[in-house]
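Asks: Here is a sequence with its predicted model. Questions after.
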Amino acid sequence: MAASGVAQRVQSLLERGLSELPSQYIQPPETRPGSRQITSDAGVPVINLFDLDPTRFDDVRSSIRRACQDWGAFQVINHGVPVCLLDDIRSAGRSFFDAPIEDKLKYACEPNSAASEGYGSQMLSKDDGVLDWRDYFDHHTLPETRRNPEKWPDFPPFYRQAVVEYSNHMKHLAQKLLQFISESLSLPPTYIEEEVGEAYQNITISYYPPCPQPDLVIGLQSHSDMGAVTLLIQDSVGGLEVLKDDGWVLMEPLSEAIVVLIADQTEIISNGEYGSCVHRAVVNGSQPRLSVATFYDPSKATMISPASQLITHNSQPKFREVVYGDYVSQWYTKGPDGKRNIDALRI
Ligand SMILES: O=C(O)CCC(=O)C(=O)O
Ligand SMILES: [Fe+2]
């Protein structure tokens, strides 16, 4: 998102005491949380990975295929990532956000550069976009040459170690999931992984303070993620919603599960067979909420295009090829705004 000026942290705004909600955070009626909310009988699928037991792979692949076609999202359980590591990263994040603002600001991200590492909040965009009710800490974790734990909080003492271990586990799980996804499209198992090339991984811990008027704000506005796949964990509060058939469905918070969100480059590679998941985060009036999103993305120089195996005389390419870095720059210029970005590549 285009940025200018000094970032205001939502949490510090609240701590200073709010007599009324600042107007920059008030959403127009059509994007407020209550709009188009649906309770679906069939929620987002929860898929058992059976601790990656190869005898169950056929079942897993067909469940993933259905979930990708119907939702572009699913949760996985028995995924092989130690649950204590999920708890550690949530508790590390929570301790950071519970610390005094002076301690947090030592890790402030660069106010004028897009996607810089560290502690931040959405900044005023150059157009008159509405601000998200969210603060975050972004970590650059892969390739290892980008990984500099000195830039991450040194409290609580296990913070940096937890991020390193979490990053490594999420890389392996993302690769395994991309293999299932490739095979479920009848592509060779490593197809998507090879198209993506050396993975760029960022881990963003989002913190959504409670809001005195939660019905007027959005924690994180509607968007689809730009890369290949996003793995996300949330705490017990809940607030992640996915768009399905024009209505918003709550992603049930499950403490041991990992949410998988298909992102835009996988939609392109699958030639639209699997749509990326449009999602947003809503907030509430009483409890802060924390989530940890791990993005698995191509490098900026990587060219992404629909898999040639999926192009037949019955199925023409649906997207133009794109250099990933150009895709990202466009996103930062225009902002997420639903799926506007990927739609610009449609043939
Ligand atoms: O907090 C959440 O649940 C959503 C986070 C998210 O979508 C993102 O960081 O891209
Ligand atoms: Fe997202």
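Replies: Thanks, I have it. Ligands and ions are numbered 1, 2, ... in the order given.
Asks: Distance from the chain centre to the longest helix along the chain, please.
Replies: With DSSP state H setting the assignment, residue counts place helix 159-184 as the longest helix in the chain. In terms of CA atoms, centre = their mean, to the nearest Å, the centre of helix 159-184 is found 14 Å from the chain centre.
Asks: Quick check, Cys68 in contact with Tyr274.
Replies: Yes: counting by CB atoms under 8 Å, Cys68 touches Tyr274, with 4.1 Å between them. (Each C-beta comes from the backbone N, C-alpha and C, glycine too.)
Asks: neighbours of Cys84, just the number please.
Replies: Cys84 has 8 neighbours, counted by other CB atoms under 10 Å.
Asks: do the same with Leu216
Replies: 18.
Asks: Now it. Nearest residue, chain neighbours left out?
Replies: Ile26 (5.0 Å; CB to CB, 6 or more residues apart in numbering).
Asks: do Leu13 as well
Replies: Pro22 (7.2 Å).
Asks: Neighbours of Thr302, how many?
Replies: 18.
Asks: Equivalent analysis for Thr55, please.
Replies: 7.
Asks: That one belongs to a helix?
Replies: Yes: per DSSP: H, G, I helix; E, B strand; the rest coil, Thr55 lies within a helix segment.
Asks: Distance of it relative to Leu178?
Replies: 21 Å (CB to CB, to the nearest Å).
Asks: and if you look at Leu21?
Replies: 41 Å.
Asks: When these two are compared, which one has more neighbours?
Replies: With neighbours defined as other CB under 10 Å, Leu21 and Leu178 compare such that Leu178 has more, 24 against 16.
Asks: so who does the more buried one touch?
Replies: Counting by CB atoms under 8 Å, 6 or more residues apart in numbering, Leu178 touches Ile192, Glu193, Val196, Ala228, Val229, Thr266, Tyr296.
Asks: that older thread, settle it for me: which of Cys68 and Tyr274 has more neighbours?
Replies: Higher neighbour count among Cys68 and Tyr274: Cys68, with 26 against 21, using other CB under 10 Å.
Asks: quick one: contacts for the more buried one?
Replies: Cys68 sits in contact with Phe74, Ile181, Ser184, Ile262, Ser270, Glu273, Tyr274, where contact means CB under 8 Å, 6+ apart.
Asks: Confirm for me that the residue nearest to Leu216 is in contact with Val130.
Replies: Yes: using CB under 8 Å, Ile26 makes contact with Val130 at a distance of 6.7 Å.
Asks: Give me the more crowded residue out of those two.
Replies: Val130 (18 against 14).
Asks: show me what contacts the residue lying closest to the more buried one once chain neighbours are set aside?
Replies: Nearest in space to Val130, with sequence neighbours left out and distances taken as CB to CB, 6+ apart, is Gln27 at 5.4 Å. Contacts for Gln27 were tallied using CB under 8 Å, 6+ apart; they are Val130, Leu216, Val217, Ile218.
Asks: And for the third one, the neighbour number?
Replies: For Val217, the neighbour count with other CB under 10 Å is 25.
Asks: Hmm, Phe319 is touching Ala344, no?
Replies: No: Phe319 lies out of contact with Ala344 (CB under 8 Å); the separation is 9.7 Å.
Asks: Make sure Asp138 is indeed in a strand.
Replies: Yes: the assignment for Asp138 (three-state DSSP) places it in a strand.
Asks: Not including adjacent chain positions, what is the nearest residue to it?
Replies: In space, Asp138 is closest to Thr204, 4.8 Å off (CB to CB, 6+ apart).
Asks: now do Ala174
Replies: In space, Ala174 is closest to Tyr296, 4.1 Å off (CB to CB, 6+ apart).
Asks: In this structure Thr302 contacts Val322, no?
Replies: No: using CB under 8 Å, Thr302 is not in contact with Val322; the gap is 9.5 Å.
Asks: got the residues of this protein near ligand 1?
Replies: Residues of the chain found near ligand 1 (CB under 6 Å from any ligand atom) are Thr204, Ser206, Leu220, Asp225, Leu232, Gln234, Leu240, His279, Ala281, Ser291, Ala293.
Asks: Most neighbours of all these, which one?
Replies: Ser291 (27 neighbours).
Asks: distance of Leu231 from ligand 1?
Replies: 11 Å (CB to the nearest ligand atom, to the nearest Å).
Asks: same question, Ile64
Replies: 20 Å.
Asks: So what's the residue count around that residue?
Replies: Ile64 has 23 nearby residues by other CB under 10 Å.
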